[in-house]
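S.K.: Fold the following, please.
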Amino acid sequence: MAMDARRKKSKSGGGGEVLLGKYELGRLLGRGTFAKVYLARSVGGGEAVAVKVIDKAEVMGTAGMAPRVLREVAAMRRLRHPHVLRLQEVLATRARIYLVMELATGGDLLSRLAAHPRRRLPESAARRVFIQLVDALAYCHARGVAHRDVKPQNILLDGGGGLKVSDFGLSALPDSVRDDGRLHTACGTPAYAAPEVLRRRAYDGAKADAWSCGVILFVLLAGHLPFDDSNIADMCRKAHRREYELPQWVSQPARRLVSRLLDPNPDTRVAVESLATHHPWFKRSLSVDSQLDGLLNGQPERAVAFQAPAPLNAFDIISMSPGLDLSGLFGESRTSREKRFMTTESPERTLEQLGRAGGKLGYVVVGKKGVEFLPLGGLSPSGIAAMSVEMSEVAPPLMLVELRLEVAAGDGDGEVQGFGWEQLRVELGDVVRAWHSCEDLGEL
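M.R.: Reported below is the predicted structural model:
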């Protein structure tokens with residue numbers, strides 16, 4: 001692409017080109033019909049960014065493209081969220097428009113799935129991705145922005161595996177809604193578009209995004225599209241009849257969520273805004289080690305680093321007695337239940353088995369290297385269920401493993417009591433040597 005006259009060679013020795021004296025352009029990251037995206041660095045601070053270069057002549061010469069660019073800028077300017085790609089500034093010359101955006105170094109979700117051996121994610125990792133997607137879209141909808149082209153290609157990942165929703169060129173703002181309170185422009189990618197959009201009927205943009213989320217969740221769990229047909233009319237009929245089949249390894253809570261999202265009736269289809277507080281698949285998200293991101297990077301679970309447990313002395317064991325738990329004196333707003341078991345297996349194998357068992361039961365179960373709760377970004381005002389896993393050495397090779405399930409006040413104690421501890425124990429198999437609740441800890 002010919003360079004604009006106002007861009008000049010950098011004198012910094014990097015050999016790149018400087019855009020309007022502010023950004024040094026680097027390699028090409030990707031290209032679209034009317035735009036190219038370059039890696040760039042701020043001349044002043046050296047911060048890495050992505051610069052989308054749009055050719056004005058090509059955009060102005062194509063019907064409907066100029067409003068699309070303006071819509072993208074208008075939408076991104078009103079959105080500031082950790083899981084929405086941030087627009088930093090807009091620059092322009094006579095020939096080109098430059099959108100300076102946050103850089104997502106992890107590529108797009110479609111490429112990441114394609115590189116995965118099974119072209120899908122474990123359910124625990126799929127949940128983590130999906131929670132971030134829902135968080136981002138709920139934020140967008142609350143600010144009057146419907147994305148209308150939610151698909152894996154438009155979901156980027158940062159270096160740590162965090163999600164970034166991008167490409168708001170087809171988004172709808174409040175002024176796009178007609179007098180009937182609906183949108184009327186059919187747009188998006190057919191395989192991810194809601195049936196009412198494909199049938200060119202008036203529709204609710206947020207509910208259309210919810211359908212697209214359902215398709216993405218299906219792809220994350222199954223590794224393929226629920227409705228895939230080159231004939232759009234046939235694909236629409238399949239969607240209306242719910243002619244899809246989830247693989248047997250998908251948990252029942254996840255199946256119910258997919259069904260609620262892939263509801264051909266937009267009036268009864270669940271809205272993304274209500275998922276965190278009303279659907280158990282979200283409340284069953286458990287404590288995650290920060291290195292769970294390795295699952296998204298294609299690393300096997302055994303590659304997740306593990307911090308060796310500290311030896312456990314007699315005073316530590318005594319302090320675990322429920323009668324000596326003084327946490328309630330400090331106003332903690334959590335109720336909890338614990339299970340502990342003894343094992344002679346290595347910490348690595350114990351963690352591996354806990355991860356596998358949790359995956360089968362629809363929970364994220366990973367070991368402790370500074371336990372962190374799943375970053376929901378305030379999705380659930382009433383709190384979520386979370387499990388932390390700690391290991392302590394009693395006497396080699398004997399280990400004490402503590403599992404703590406917590407529910408923030410407001411969710412009620414029933415969520416704790418309904419937890420499938422016995423199922424978890426069965427899944428752990430011979431890893432467990434002796435199984436204890438907090439009440440019978442004194443027997444240790």
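
S.K.: Met76: neighbouring residues, count only.
M.R.: 23 (other Cβ atoms under 10 Å). Heads up, the C-betas are built off the backbone N, CA and C, glycines and all.

S.K.: give me every residue that touches Tyr98.
M.R.: 19-20, 51-54, 90-92 (Cβ atoms under 8 Å, 6 or more residues apart in numbering).

S.K.: right, and out of these, which lies closest to Leu156?
M.R.: In terms of Cβ to Cβ, no member of the contacts of Tyr98 lies closer to Leu156 than Lys52, at 12.7 Å.

S.K.: picking that back up, in ChimeraX, how would I select just the buried ones from the contacts of Tyr98?
M.R.: Listed next is the ChimeraX selection for buried residues among the contacts of Tyr98, using 16 or more other Cβ atoms under 10 Å:
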select :19,51,52,53,54,91
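
S.K.: could I get the contacts of Tyr98 as JSON lines with secondary structure and distance to Asp430?
M.R.: Converted to JSON lines, the contacts of Tyr98 look like this (DSSP: H, G, I helix; E, B strand; the rest coil; distance: Cβ to Cβ, whole Å):
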{"residue": "Leu19", "secondary structure": "strand", "distance to Asp430": "62"}
{"residue": "Leu20", "secondary structure": "coil", "distance to Asp430": "66"}
{"residue": "Val51", "secondary structure": "strand", "distance to Asp430": "56"}
{"residue": "Lys52", "secondary structure": "strand", "distance to Asp430": "55"}
{"residue": "Val53", "secondary structure": "strand", "distance to Asp430": "60"}
{"residue": "Ile54", "secondary structure": "strand", "distance to Asp430": "61"}
{"residue": "Val90", "secondary structure": "strand", "distance to Asp430": "61"}
{"residue": "Leu91", "secondary structure": "strand", "distance to Asp430": "63"}
{"residue": "Ala92", "secondary structure": "strand", "distance to Asp430": "67"}
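
S.K.: contacting residues around the residue nearest the centre of the chain?
M.R.: By Cα atoms, centre = their mean, the chain has its centre lying nearest to Val129, at 2.2 Å. Counting by Cβ under 8 Å, 6+ apart, Val129 makes contact with 109, 121, 155, 163, 220, 296.

S.K.: Okay, and which of those map to strands?
M.R.: Among the contacts of Val129, DSSP state E puts 155, 163 in strands.

S.K.: Restrict the contacts of Val129 to the buried ones and give me that as a ChimeraX selection.
M.R.: Buried residues among the contacts of Val129 (16+ other Cβ under 10 Å), as a ChimeraX selection:
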select :109,121,155,163,220,296
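
S.K.: Now do the helices in the stretch 151-300 of the chain.
M.R.: Under the criterion DSSP state H, counting those that start in this stretch, helices of the stretch 151-300 of the chain are mapped to 195-198, 205-222, 232-240, 252-261, 275-278, 280-283, 293-296.

S.K.: could I get the ones you listed as a markdown table with distance to Val177 and mean pLDDT?
M.R.: Below are these laid out as a markdown table (distance: least, Cβ to Cβ, whole Å; pLDDT from 0 to 100):
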| stretch | distance to Val177 | mean pLDDT |
| --- | --- | --- |
| helix 195-198 | 15 | 93 |
| helix 205-222 | 8 | 96 |
| helix 232-240 | 24 | 90 |
| helix 252-261 | 22 | 92 |
| helix 275-278 | 23 | 69 |
| helix 280-283 | 29 | 70 |
| helix 293-296 | 36 | 42 |
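
S.K.: how about stretch 200-216 as CSV, C-alpha atoms only?
M.R.: C-alpha atoms of stretch 200-216 as CSV (Å, rounded to 0.1, in the frame of the first residue of the first chain):
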residue,chain,number,x,y,z
ARG,A,200,-35.1,-10.1,7.5
ARG,A,201,-37.6,-9.4,10.3
ALA,A,202,-37.5,-6.6,12.8
TYR,A,203,-35.3,-7.7,15.7
ASP,A,204,-33.8,-6.8,19.1
GLY,A,205,-30.1,-6.3,18.7
ALA,A,206,-29.2,-7.6,22.2
LYS,A,207,-31.2,-10.7,21.7
ALA,A,208,-29.5,-11.3,18.3
ASP,A,209,-26.2,-11.0,20.1
ALA,A,210,-27.4,-13.6,22.6
TRP,A,211,-28.1,-16.1,19.8
SER,A,212,-24.5,-15.5,18.4
CYS,A,213,-23.2,-16.2,21.9
GLY,A,214,-25.1,-19.5,21.9
VAL,A,215,-23.4,-20.5,18.6
ILE,A,216,-20.0,-19.6,20.0
